[in-house]
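Enquirer: what would the 3D arrangement of this be:
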Amino acid sequence: MTRPGLKIHVLAGLLVIGVLVSGCSGGEDTDTGPSEVFAADVCSEGLLSPDAVRALELLTGGATPFKPPKNVGDVAWVAGVLERGYAKIGASLGGTVCRATPADRMNYHDLSVSFEIEHESTRMGEHTESGKGYYWEYDLGRNALVLPDNGRLYFDCASDRLAGPDKSVPIKARVSLRQAPTDVDPRALREANLTILHSAARALAKEMGCKNNGNLPEQLVIKEKAAPTR
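Expert: Residues are numbered from 1 along each chain as shown. Below you'll find the predicted structure:
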């Protein structure tokens with residue numbers, strides 16, 4: 001004979017198991033986001049101008065669908081990271097604001113955009129790397145160093161969020177491409193990288209409240225300063 005108390009405990013246990021099973025079953029999908037996105041939506045809102053969106057399409061092999069970005073902050077987030085890092089140690093590794101990963105596994109043209117503030121005592125790369133002759137130099141911001149598969153743009157930010165309105169802090173914007181297309185003219189690839197850098201840097205300069213938008217023009221004018229020497 002089954003004791004009444006035992007029957008109650010068994011029924012309660014079955015109810016708990018039923019709730020757990022229904023919660024783990026695929027009855028209702030909680031992931032309602034898109035399975036793919038395109039160039040206009042792969043980066044955080046406001047980061048890329050229409051010209052920069054077209055540049056991203058060129059660098060990644062055309063009108064390519066991308067995996068939905070994950071673990072990537074927006075412009076407001078990276079501005080906060082830069083601000084807090086600079087307040088603590090006078091530098092910040094910043095973070096990534098765009099990661100464009102093609103949905104096609106055979107497309108290796110992954111692209112990312114990030115920002116950083118290098119410490120004043122250890123700052124390197126802005127001019128020393130160009131002095132080594134590895135990069136094409138462009139007249140944009142403090143300096144712009146670009147190759148077909150990557151680029152760096154240094155621009156001044158005088159802002160209350162950093163060192164105040166009377167002291168400029170160089171911010172580095174970086175674009176990186178895992179593998180550049182081989183069927184596109186290298187000059188077009190360099191200028192596409194520069195277009196993305198200009199748009200992203202302008203967006204961050206606006207968010208940070210940089211004086212004169214970091215001295216970055218509203219419209220990009222591509223002007224070469226120097227070619228690689230090696």
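
Enquirer: could you look up the SS state of residue 145?
Expert: Following DSSP: H, G, I helix; E, B strand; the rest coil, residue 145 is assigned to strand.

Enquirer: pLDDT on the longest helix along the chain, on average?
Expert: Among all segments of the chain classified by DSSP state H, the helix with the greatest residue count is helix 186-208. On average, the pLDDT along helix 186-208 is 98.

Enquirer: what comes up buried for that helix?
Expert: 189-205, 207-208 (16 or more other Cβ atoms under 10 Å). (Glycine included, C-beta is placed from N, CA and C.)

Enquirer: next, the residue lying closest to residue 179 once chain neighbours are set aside: phi, psi?
Expert: The shortest distance from residue 179 to any non-neighbouring residue, by Cβ to Cβ, 6 or more residues apart in numbering, is to residue 108 (4.3 Å). Residue 108 adopts backbone torsions of phi -100, psi 20, taken as degrees, to the nearest 10.

Enquirer: tell me, what's the model's pLDDT at residue 224?
Expert: Reported pLDDT for residue 224: 93.

Enquirer: burial count for residue 55?
Expert: Neighbour count of residue 55, defined by other Cβ atoms under 10 Å: 26.

Enquirer: wait, residue 203 sits on residue 43?
Expert: No - if you go by Cβ atoms under 8 Å, residue 203 and residue 43 don't touch, sitting 9.5 Å apart.

Enquirer: what ranges do the helices span in the protein?
Expert: Using DSSP H, helices in the chain cover 4-24, 39-42, 50-59, 75-89, 128-131, 186-208.

Enquirer: other SSEs contacting the second one?
Expert: So the one you mean is helix 39-42. helix 50-59, strand 92-100 (3 or more Cβ pairs under 8 Å, 6 or more residues apart in numbering; DSSP states H and E).

Enquirer: just send these back as CSV, with distance to residue 148 and mean pLDDT too.
Expert: CSV is the format used below for the helices and strands packed on helix 39-42 (distance: least, Cβ to Cβ, whole Å; pLDDT from 0 to 100):
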stretch, distance to residue 148, mean pLDDT
helix 50-59, 9, 96
strand 92-100, 16, 94
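
Enquirer: will you turn those into a markdown table that also has distance to residue 221?
Expert: As requested, the helices and strands packed on helix 39-42 are exported to a markdown table (distance: least, Cβ to Cβ, whole Å):
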| stretch | distance to residue 221 |
| --- | --- |
| helix 50-59 | 12 |
| strand 92-100 | 23 |
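
Enquirer: out of those, the one nearest residue 150 is which?
Expert: helix 50-59 (10.4 Å; Cβ to Cβ).

Enquirer: who are the packing partners of the closest one?
Expert: Short answer (3+ Cβ pairs under 8 Å, 6+ apart): helix 50-59 packs on helix 39-42, helix 186-208.

Enquirer: report pLDDT for the closest residue to residue 230 other than its chain neighbours.
Expert: Excluding its sequence neighbours, the residue lying closest to residue 230 (Cβ to Cβ, 6+ apart) is residue 133, at 4.5 Å. Reading off the confidence values, residue 133 has pLDDT 75.
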